[in-house]
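*Asks:* okay, here's the prediction I keep looking at, along with the sequence it came from:
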Amino acid sequence: VLREEIGRAPDGTPRKTVVRVDRTELSKNIVRGLLAYRQLLDDRPEWRERVVHVAFAYPSRQDLAVYRDYTAEVQRVAEEINERYGTPGWRPVVLHVRDDFARSLAAYRLADVALVNPIRDG
């Protein structure tokens, strides 16, 4: 099912995937990673329709407004990228905002690039 969401490039080859799995915490820098992907699509238009950013953003600490707001910002930026660059056959960002460990593992198996860009961690 995940491979179907990613799809194929216009020439029929499998699309490349950039995968990230993180909690929606400010220190994980998810928005910055999405903006970097958007910059790639701006700077390298030849990658449009050939790469998909698959992001698993597990909601964290949703009892706090700042974390709810950050989760909403992650969703907003992903939607903006999809609206700006997407085509009928290509969704540039496949965002899952739910905890799904099995799908996360499957995504890593499909990954050409694993994106990890926290501000600080652990």
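*Replies:* Nice, thanks for sending it over.
*Asks:* quick one: low-confidence ranges for this structure?
*Replies:* Scanning the chain for pLDDT under 70 picks out the ranges 121-122.
*Asks:* for it, longest helix please?
*Replies:* helix 65-85 (DSSP state H).
*Asks:* so what's the gap between that one and the chain middle?
*Replies:* 11 Å (C-alpha atoms, centre = their mean, to the nearest Å).
*Asks:* same check on stretch 58-74?
*Replies:* 16 Å.
*Asks:* of all the residues in that stretch, which ones are buried?
*Replies:* 58, 59, 60, 67, 70, 71, 74 (16 or more other C-beta atoms under 10 Å). Every C-beta, even on glycine, is put in place using the N, C-alpha and C of the backbone.
*Asks:* go on, stretch 81-100?
*Replies:* In stretch 81-100, counting by 16+ other C-beta under 10 Å, buried: 81, 82, 85, 90, 91, 92, 93, 94, 95, 96.
*Asks:* follow-up on the earlier one: let's have the buried residues of stretch 58-74 in CSV, adding distance to residue 11.
*Replies:* Listed next are the buried residues of stretch 58-74 as CSV, based on distance: C-beta to C-beta, whole Å:
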residue, distance to residue 11
58, 34
59, 37
60, 39
67, 41
70, 37
71, 36
74, 31
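*Asks:* need the max-distance pair from the residues you listed.
*Replies:* 58 and 70 (12.2 Å; C-beta to C-beta).
*Asks:* hey, what's in contact with both of these two?
*Replies:* By C-beta atoms under 8 Å, 6 or more residues apart in numbering, residue 58 and residue 70 have these common neighbours: residue 24.
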